[in-house]
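# Sharing a sequence plus its predicted fold:
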Amino acid sequence: MRDRREVVHKKISRVTRTRVVAGSISWVSQKVTDYKLLVKFRLTLTVVFSALMAFFIASKEDVQLAAVVVLALGGFFVTGAANALNQVLEKDYDKLMKRTADRPLAAGRMTVSEAVLAAGLMAMVGIMLLALFNVWAAFFGMLSLVAYAFLYTPLKRYSPMAIPVGAVPGALPMLIGCVAAQGELTMLAFALFSIQFAWQFPHFWSIGWLGYDDYRIAGYKMLPERAGERDPNTGLYAAGYALILIPLGFSLPWLGVTGMTSAIFMAVLSLVYAALGWNLYRKQDRKAALKLMFGSLLYLPLILVAFYLDKAGAGF
């Protein structure tokens, strides 16, 4: 009888341990998922990509792997901190929208204090890493964080002017990559900043068009409006900004950084980008907005890779 009780006890112990281990694994998995959501992992990776490509384009000598790693980590932590603070400030509004209701703060899986602590640590480490390059990289890293979290984020609820305001920190990654490579503010840094700045308007307007109803529920003003509805000229505005990108692309060969091949390639892509905006203006539907959004996602990496590949042809 005693042996039987011992066997039963051992079986119960094994089941308990299995459940504890499974619960621990599940908790860790959920926590990793929550932190990926907190820093907006995929978005942050695209920001890091643009900074690194600007760094490669601006570098006049062979790039050291250590420098690439430091810039990538610094950019990731600063961007992650800005995104975390954004969610802290918007947690009550995120609950109202389908696309953001499952974020860790909105869903109640993470406390505000935990998110703020994570943001503070990421900001400190990120700025310190950027400071290893020079003071300019650290300064613009801090500026992008503050502008995104404390200017763009609250302004979204008051005016569509949030988009041009947010486009400034949104364009700083390429400027940061450039000053990290060159150690000073140059015309190339301003040219790359201007390209990323103008690119964002069609990109964010397409997102604003697609999520218009959801944004209205939360009180966000992410799109030009007319009479309380989407401005029917939004696609036209997007096409205009896409056309502005054409002369900006030719500034790089004018500065002697790249050859004409990449500038012509960018001009062609800009015309396609503008055509997608014009298509939204004509059709005023979800399908046209989706095409503009996906076109914007392809546009920036394609032109940056083209600039980098064409850099050798310019003898830069």
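Structure's in. What do you need?
# Could you pull up the mean pLDDT of stretch 253-272?
Confidence for stretch 253-272, expressed as mean pLDDT, is 94.
# Run the chain-centre distance for that stretch.
Taking CA atoms, centre = their mean, to the nearest Å, the mean C-alpha location of stretch 253-272 is offset from the chain mean by 24 Å.
# buried stuff in that stretch?
Residues of stretch 253-272 classed as buried by neighbour count (16 or more other CB atoms under 10 Å): 253, 257, 258, 259, 262, 263, 264, 265, 266, 267, 269, 270. In this view, the C-beta of every residue, glycine as well, is placed from N, C-alpha and C.
# Also stretch 136-149?
136, 137, 138, 140, 141, 142, 144, 145, 147, 148, 149.
# what do you get for stretch 108-125?
110, 114, 115, 118, 119, 122, 123, 125.
# hmm, back to that, need the buried residues of stretch 253-272 in CSV with distance to residue 42 and secondary structure, can you?
As requested, those are exported to CSV (distance: CB to CB, whole Å; DSSP: H, G, I helix; E, B strand; the rest coil):
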residue, distance to residue 42, secondary structure
253, 32, helix
257, 29, coil
258, 28, coil
259, 32, coil
262, 26, helix
263, 29, helix
264, 31, helix
265, 26, helix
266, 24, helix
267, 29, helix
269, 22, helix
270, 25, helix
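# still on that earlier bit, out of the buried residues of stretch 136-149, which is nearest to residue 182?
Residue 182 has its nearest neighbour among the buried residues of stretch 136-149 in residue 136, at 9.0 Å by CB to CB.
# so what's the closest one up against?
179, 183, 184, 185 (CB atoms under 8 Å, 6 or more residues apart in numbering).
# ok but the last one is inside a strand, no?
No: the secondary structure assignment for residue 185 gives coil rather than a strand, going by DSSP: H, G, I helix; E, B strand; the rest coil.
# Tell me how far it lies from residue 287.
To residue 287, residue 185 is 42 Å away according to CB to CB, to the nearest Å.
# any weak-confidence spans in this protein?
1-24, 27, 312-316 (pLDDT under 70).
# what sits against the residue positioned nearest the centre of the chain?
Residue closest to the average C-alpha location in the chain (CA atoms, centre = their mean): residue 43, at 4.0 Å. Each residue near residue 43 by CB under 8 Å, 6+ apart is listed here: 79, 83.
# CSV for the contacts of residue 136, including distance to residue 173 and neighbour count?
Shown next, in CSV, are those (distance: CB to CB, whole Å; neighbours: other CB atoms under 10 Å):
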residue, distance to residue 173, neighbour count
179, 11, 28
183, 17, 14
184, 18, 9
185, 15, 14
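# Would you format the residues you listed as JSON lines with distance to residue 57 included?
As requested, the contacts of residue 136 are exported to JSON lines (distance: CB to CB, whole Å):
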{"residue": "179", "distance to residue 57": "13"}
{"residue": "183", "distance to residue 57": "15"}
{"residue": "184", "distance to residue 57": "16"}
{"residue": "185", "distance to residue 57": "16"}
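# Share the number of residues neighbouring the nearest residue to residue 157 once chain neighbours are set aside, please.
Of all residues not flanking residue 157 in the chain, residue 219 sits nearest, at 5.1 Å (CB to CB, 6 or more residues apart in numbering). A count of neighbours around residue 219, defined by other CB atoms under 10 Å, yields 11.
# From residue 240, how far out is residue 219?
The value you get for residue 219 to residue 240, if CB to CB is used, is 28 Å.
# next one: residue 158
For residue 158, the distance to residue 240 - CB to CB - is 24 Å.
# The two - which one has more neighbours?
A direct count of neighbours by other CB under 10 Å for residue 158 and residue 240 places residue 240 higher, at 16 against 11.
# In contact with the more buried one, which residues are there?
274, 277.
# Tell me which helix or strand it sits in.
Here residue 240 sits within helix 234-254, counting by DSSP states H and E.
# Buried residues of that helix, list them for me.
Buried, per 16+ other CB under 10 Å, within helix 234-254: 234-235, 237-246, 248-253.
# just stretch 41-54 next, same as before
Neighbour-count burial for stretch 41-54 [16+ other CB under 10 Å]: 44, 47, 48, 49, 50, 51, 52, 53, 54.
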